[in-house]
Every structure is written in C-alpha cells, then in structure tokens.
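**Q** Make a model of this:
(2 chains)
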Amino acid sequence: MSVTPPTVSVLLTRGLFSENPVFRLALSLCPAVAVTTAVENGLMLGIAVFFVQVLSSMTASIFKKWINPKIRIPVYTIIIALWVTVMDMLLAAYFPSTYEKVGLYVKLIVAFAIIISRMELFAAKNPVLPSTFDGVGMGLGFLLAMLLAGAFRELLGNGSFFGYPLVHFQPLFLLVLPAGGFFTIGLIMALFNWVDLLRGNTLPKASGGHG
Amino acid sequence: MSGCQGCKPKNLSPPPSGRDLVKITIGLTIVCLISAALLGGLYSFTEPAKLRNGKAREAATLRALLEVPETGRIEEIRRYLTNDLRAVYLTPKFLIGLDENGIEKTREPVPEGLDEQKRDEWARARQPSRYVGRFFVGKQGEQVLGYVVEGVTTGYKAKVRFFVAMDGQMNLRGVEILEHEEDPGLGGEIVKRYFKNQFAGRSADEVQGIQVVKDPLVAEWKAALESLGPTPLSAWLPQHREELGRHKVIYAITGSTISSQAVTTGVQKTIANFRKRLELLKGAL
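**A** Residues are numbered from 1 along each chain as shown, chains lettered A, B, ... in the order given. Predicted coordinates:
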C-alpha cells in the first residue's frame, strides 16, 4: 500500500495534461460548462479553485491522522467550506475590488468534485508537502482547462478574447449557451485523447464523470 | 495506514455499532465547532471592514448616478412600516408618520448629533416599526438634483438588489445592480453596461410601459450603451437621444430572458411605488 509519492515535477505538471481534472478525469464538469462563457470568467473561477484546492489538500493532509475514516467525506466538505468562507470573508473585507469580480465564483466552489476527490485520493494518504504540490498541480490543471474552454467559447461564440472584439464574423452563438459548453468540453476532451494517442499512449477506459 | 479500506466495494464495512455512532457524532460535532469558532473569530475582524467598503462604494455609486458635484450632498430617507401598516419616514430633519391613507399625521424633529445607527434606533423607538426600504435625494443647496431609490426583485436564482436613479423631472438617470447571485456569463450579465444602461435617459412613464424583447442587440446600440458610464449621462444623452428613441424596448440578455425581465419588472415597480411615495412626501424633503 505504501507507494512512494510521485516526484515533485510530476505532481506539479500531471494536472495540466495527463490527469487534467476536466478533460481527462472528467471531474467538475458542471461548473466548467456553466462558467466558461468567456475567458475572464474561466480565469476567475480557475484562480479561486486553485487557492481552495491547495489549502484544502494541505489541511486534509495535516489532519489525516485525526480524521475518523467513517466520516472523512463530511469532514472534507467542512474543510472546503471553511476555506471557501475564509476566502470570501477576507476578499470582501480587504480586497473589495477583486471581490467584486471573484466573489460570485468563490461561493460556487464548495460543491466541486475535483477538490474533494484530490483530498480523498491523494491528500488522505500522502505527507503534507506532496499533497500541497498535488493541490497546486491539479489547481493549475483546472485553471488551464477553464482558460481553454473559455477562450474557445468566447472566440467562436462572441468573436472576442478577454472582452476585446477580435474577429469580425457572425459569431456561433450556440457556443455561449449551455449546450455549447458541452460541445466545447467534448471537443477539447477528444483533442486531449487524440494528442495522447499520438504520444503513443492507449485511450483510457470509459468511465463516468461527476459533478 | 490510510482510511480507504472502506471505499473498496469488496470489503464493504459493516454498519456502525452504537459505540461507533457515538464516536462519529462526537467527532463531527468537534469538527463543526472548531470550524464555527474559526469562522466566527474571522468574521468579527472582517465584517466591520466589509461594511465600511460597502458604505464607501455606495456613496461613490450614488454620486456617479446623480452626477452630484463636490459641493452637493446626498440625503438618505428611510422608510418604516408599523404593525398596523402605517408608513413612517425618517428624513435628515424629521420623523414623519403617515396615516393609512398616506396623509401626514405626525412630524417631529430628529435630535441632533446622532450617527446613522443611533438615528435608526431612535426612529424605531419613537414609532414602533420595522425598516422596509430607503431612497436618497441628491441636493445642491436647496435644489434637488435627483433621487436614487433602492429596489429589490426576484431574479433567476435569488434576490437582486439595485438602485434606480431619477432626476427631478422623473427621467431615469440609470440603474445600478448592487447585489445578485445570477449565473456568471448568463444572468450575471445584468451588471454589464450594455444591459443596465438601457434604462437611462428615458422618462419614468416610458420605462413603466417598456417591453423586454428577445431580439438581438445591434452592435452600434450596444457600443453606445457601453460608452455610458465612462461618459457621464449629461454628455452622453445629447449625442444618443435619437438612438434612444429608435430603441424603445429593453433587449434581453441572450439566454437570460428571466433575469432581464426580472430586473425590468423590478425597476418598473420601484418607480411606480416611488412616485406615489414622493407625492406624499413632497413638502418634507
């Protein structure tokens, strides 16, 4: 059972491609679809998730010895809710202009599957430092996924990038609507799989995703 | 060892014994208590700062909406409702009680030197009532520059709180969304200039009859709406009066007709109520 944890560089980078939370692990698809109508929205949510992921993974790893395995899931949920609320309060009090932009996204995070799954699958079994790096890697992977999906949808669905009008054609409005979110995630997921095949790996077995 | 034995389906753990149940209950309670204590402690630090930020932001929003110059001032009028549904208004100088027909019954001067919170407590002690809403009057000297009314409407997900600004002739100066929980990228777009600025520059009568349509918002009109804000209304309106006349509708946010309609209806109701109330209070402001 005692597997040596992967190296730091693997921990930090695997979230970006090989174990990308959204496009490879198919976790947290609901927020990915709902929020990525524009790059800015994706970026804000990505940053918020990044911090909560790192802090929650760290906390779960520090306290793993004292967490009764029978109630670990509710305890993880409380840890996430705690960090989300702490961030919400601190931002509202000391960074009001940032809070105006990010506040909405921070409140969404409590129910994210990716965060709880990293706590359960990694932080609960590994020391604090690797768990923190795992949180950083997965947080970055989620951020990248949000940026990719946001850029694709904003560019084709609205003809702009980061709010600046860029291309002048009749935008494919469908992409901004929720249905377009599913198409976007599906297409990028296919792209990830295709690149993975080109790199000589076999396709992952079919498995279900979670909210 | 890890605690993940229980998550493999082949060794499903047996149902917890009574002893386990007690341990679990105590464990969870402790975790919740610690979390609550941490959050409570943090809250007592952050809440005053949060309130201060809110006040400062509110003052800036009010000044911008009414274009109140440095020398001007903004007065808050608070509205209370007694248990037998009579309205009571707290102005900077007077506490005014109306009877059930809206006729002024009592008027007493507000003691001087009270801060905002003390004034509120004093008012509710004089006339047992609860706070139900407020509006603001922008003044320069004795001249009324305009009114800002706070309104609430039910959006797609939760309450949407907003300001409606009007000048002395009941023309809308703008709508500002203060608080909402609509979805980012969809209903959340109500805060964007291209939506909220569609109300500005129209008469209250026009807004009260205005329709929300699902037609696309044409590029030039969108660009014009986006420029209001950086350009104050007084400079913007003369340039865009003709366009404003051509677009006598509110263009719904694509994919968020419910949020768009909710804000529009909320603004309409807020204006209608405010006009009635202002009529009753005219002499006291």
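**Q** quick one: contacts for the residue in the stretch 51-200 of chain B that chain A sits nearest to?
**A** Proximity of the stretch 51-200 of chain B to chain A (Cβ to the nearest Cβ) peaks at residue B:185, 3.2 Å away. In short, each C-beta sits where N, CA and C put it, glycine included. Contact analysis of residue B:185 by Cβ atoms under 8 Å, 6 or more residues apart in numbering or on different chains lists A:34, A:35, A:36, A:37, A:38, A:41, A:176.
**Q** now, among the residues you listed, which is nearest to chain B?
**A** residue A:37 (3.2 Å).
**Q** Can you name the helix or strand that that closest one falls in?
**A** With secondary structure defined by DSSP states H and E, residue A:37 is part of neither a helix nor a strand.
**Q** shaky segments in the chain?
**A** If you meant another chain, say so; for now it's chain A. A:1-5, A:203-211 (pLDDT under 70).
**Q** ah, no, chain B please
**A** In chain B, residues with pLDDT under 70: B:1-12, B:283-284.
**Q** Which positions in it make contact with chain A?
**A** Residues of chain B lying close to chain A by Cβ under 8 Å from any Cβ of the partner chain are B:1-7, B:13, B:16, B:20, B:23-24, B:27-28, B:31-32, B:35, B:38-39, B:42-43, B:45-47, B:49-50, B:53, B:57, B:181, B:183-186, B:188, B:254-255.
**Q** one more time with 7 Å, if that's ok
**A** B:1-4, B:6, B:16, B:20, B:23-24, B:27-28, B:31-32, B:35, B:38-39, B:42-43, B:46, B:49-50, B:53, B:57, B:183-185, B:188, B:254-255 (Cβ under 7 Å from any Cβ of the partner chain).
**Q** Which ones among the residues you listed lie within helices?
**A** Counting by DSSP state H, the members of the residues of chain B next to chain A that fall within helices are B:20, B:23-24, B:27-28, B:31-32, B:35, B:38-39, B:42-43, B:46, B:49-50, B:53, B:57.
**Q** one step back: among the contacts of residue B:185, which one has the most neighbours?
**A** residue A:36 (32 neighbours; other Cβ atoms under 10 Å in any protein chain shown).
**Q** Specify the local secondary structure of residue B:68.
**A** Following DSSP: H, G, I helix; E, B strand; the rest coil, we place residue B:68 in the coil state.
**Q** was I right about it contacting residue B:74?
**A** Yes - with contact defined as Cβ atoms under 7 Å, residue B:68 reaches residue B:74; the gap is 6.2 Å.
**Q** Next, show the common contact partners of these two.
**A** residue B:138 (Cβ atoms under 7 Å, 6 or more residues apart in numbering or on different chains).
**Q** The host helix or strand of residue A:49 and chain B in contact?
**A** According to DSSP H and E, residue A:49 maps onto helix A:39-62. Yes - for helix A:39-62, a contact with chain B is found by Cβ under 7 Å from any Cβ, at residue A:41.
**Q** so residue B:250 touches residue B:265, yeah?
**A** No - look at residue B:250 against residue B:265 with Cβ under 7 Å: they stay out of range, at 10.4 Å.
**Q** Between those two, which is the more surrounded one?
**A** Of the pair residue B:250 and residue B:265, residue B:250 is the one with more neighbours under other Cβ under 10 Å, namely 21 against 13.
**Q** Sketch out the strands for chain A, chain order is fine.
**A** A:160-161, A:164-165 (DSSP state E).
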